[in-house]
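Trainee: next come a sequence and a model predicted from it.
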Amino acid sequence: MMKEVEMASDKPLKIVQAIDAGGWGGAEKVVVTLSNGLAKMGHDVEVWVRKNAVLCQELAPEVKIRVVPFLNDYEPFTPVLFARALKTHDIVHVHLGRAAKLSGYIAPLLSPDSRKGLLCHMHSYHKPKHYKRQKQIICVSKAVEDYVKKGMPWVERTWVVYNGIDMKGARSSAPLFPKDGRVVRIGLLATFKAPKGHADLLKAFAKICDELPVKLILGGDGPLLPDMKRLAGELGISDKVIFTGFIPPDKIFPFLKSLDIACVPSNAEGFCLSMVEAMACGLPVIGYTEAALSEVAGDAALLVPLGDIDGLADSLKKAVEDEKLRAKLSGMSLKRSEQFTKEKMTENTIEVYKDALRY
């Protein structure tokens, strides 16, 4: 009854955002942007995280923070906390596998009214086993929604809410690395994991770097960083590749403003915030025709078939050599990025909450 009264009178919602993640990536960015946006709209927002989570540093002062155990996929403590929260809050919005699994344990025990408030956010093509008891899923793209509908028949309701970014600083930020007009900089900002396609980018870059005035700048860290440094050496291009290491959240736009071309050769993306961030900076974007990348880019990027390293190299070469093409793609990027603002993401998420509570 509490939820029905609140929705009818349009009072602020009490919302939990729960995520078990210690680092900084796409899902963490979404939680921060969404939580800050919801709080700014006047909603009561509490973020549940593990101890020492990086994202806490980016949350607005009005967003509450609660450290919860998230010990493993089977511990009994966090499910009890979820059960209590679903009695005291309107919405419990969980992100990533462990939060989904632990909150799912108590779902069958909830009243129908309480169960309405449990929503799960699907950021990519995650393993279905962690989402077995989740009935309501917010998907970051139509590609992810298709994946959910095909592989998770127990899910009763889905929505698509595109990720959004804070555009502040995208146009005005100064380059992190001073520009050199004699060299065209190609770059990628992404965690060094296999789906991000660093190896393909290095191989494509190696095909063009001897004949063109180019540099490759790779921002981020991750488990495959040593392997990619080694691959650059094997390809004989170490002197033309810069590995910056971790780029903190407040330096993302300055990093991107240091580039002339963004290359996003991901082979599996739920959405790809880094593509939108690059577009918001007016960068020409080149990448693969992976389903979510194609959905996000629309007609505003040069995309080649997945795994086509020669095609990737040819597109990079074309963009490097043709300044007018870069200018055209830059304008298309800026226009396309306007579809993915933090305000639109927050407003669309609120509509999902209302729809779920009315159901």
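Mentor: Looks like it came in fine. Numbers count the residues shown, from 1 in each chain.

Trainee: how far off centre is stretch 60-76?
Mentor: Per CA atoms, centre = their mean, to the nearest Å, the displacement of stretch 60-76 from the mean C-alpha position of its chain is 20 Å.

Trainee: ok, now stretch 340-353?
Mentor: On the basis of CA atoms, centre = their mean, stretch 340-353 sits 15 Å off its chain's mean C-alpha point.

Trainee: how about that stretch: buried residues?
Mentor: Under the neighbour-count criterion of 16 or more other CB atoms under 10 Å, stretch 340-353 has Phe340, Thr341, Lys342, Lys344, Met345, Thr346, Thr349, Ile350, Val352, Tyr353 buried. No exception for glycine: its C-beta is placed from N, CA and C like everyone else's.

Trainee: give me the residues contacting it.
Mentor: The contact list for stretch 340-353 (CB atoms under 8 Å, 6 or more residues apart in numbering) reads 13, 15, 30, 33-34, 37-38, 41, 90-91, 119, 138, 159, 161-167, 276, 296.

Trainee: I'd like the average pLDDT over it.
Mentor: Computed over stretch 340-353, the mean pLDDT rounds to 96.

Trainee: export it as PDB, just CAs?
Mentor: C-alpha atoms of stretch 340-353 as PDB (Å, rounded to 0.1, in the frame of the first residue of the first chain):
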ATOM      1  CA  PHE A 340      22.800   9.600 -24.600                       C
ATOM      2  CA  THR A 341      22.700  12.300 -21.900                       C
ATOM      3  CA  LYS A 342      22.600  11.600 -18.100                       C
ATOM      4  CA  GLU A 343      19.300  13.500 -18.000                       C
ATOM      5  CA  LYS A 344      17.600  11.100 -20.500                       C
ATOM      6  CA  MET A 345      18.900   8.100 -18.700                       C
ATOM      7  CA  THR A 346      17.700   9.300 -15.300                       C
ATOM      8  CA  GLU A 347      14.200  10.300 -16.600                       C
ATOM      9  CA  ASN A 348      13.800   7.000 -18.500                       C
ATOM     10  CA  THR A 349      14.800   5.000 -15.400                       C
ATOM     11  CA  ILE A 350      12.200   6.800 -13.300                       C
ATOM     12  CA  GLU A 351       9.600   5.900 -15.900                       C
ATOM     13  CA  VAL A 352      10.600   2.200 -15.600                       C
ATOM     14  CA  TYR A 353      10.300   2.400 -11.800                       C
END
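
Trainee: before we move on, back to that, can I get the buried residues of stretch 340-353 in JSON lines with secondary structure and distance to Asn267?
Mentor: Output for the buried residues of stretch 340-353, formatted as JSON lines (DSSP: H, G, I helix; E, B strand; the rest coil; distance: CB to CB, whole Å):
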{"residue": "Phe340", "secondary structure": "coil", "distance to Asn267": "21"}
{"residue": "Thr341", "secondary structure": "strand", "distance to Asn267": "27"}
{"residue": "Lys342", "secondary structure": "helix", "distance to Asn267": "27"}
{"residue": "Lys344", "secondary structure": "helix", "distance to Asn267": "27"}
{"residue": "Met345", "secondary structure": "helix", "distance to Asn267": "25"}
{"residue": "Thr346", "secondary structure": "helix", "distance to Asn267": "30"}
{"residue": "Thr349", "secondary structure": "helix", "distance to Asn267": "28"}
{"residue": "Ile350", "secondary structure": "helix", "distance to Asn267": "33"}
{"residue": "Val352", "secondary structure": "helix", "distance to Asn267": "29"}
{"residue": "Tyr353", "secondary structure": "helix", "distance to Asn267": "33"}
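
Trainee: could these go into CSV alongside distance to Val47?
Mentor: Output for the buried residues of stretch 340-353, formatted as CSV (distance: CB to CB, whole Å):
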residue, distance to Val47
Phe340, 22
Thr341, 21
Lys342, 16
Lys344, 21
Met345, 16
Thr346, 15
Thr349, 14
Ile350, 17
Val352, 18
Tyr353, 16
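
Trainee: which single one of the residues you listed is nearest to Ala85?
Mentor: Comparing those against Ala85 with CB to CB places Tyr353 closest, at 14.6 Å.

Trainee: next one: that closest one from Val92, what distance?
Mentor: The spacing between Tyr353 and Val92, counted by CB to CB, to the nearest Å, is 11 Å.

Trainee: joint contacts of these two?
Mentor: Counting by CB under 8 Å, 6+ apart, the residues touching both Tyr353 and Val92 are Ile15, Leu119.
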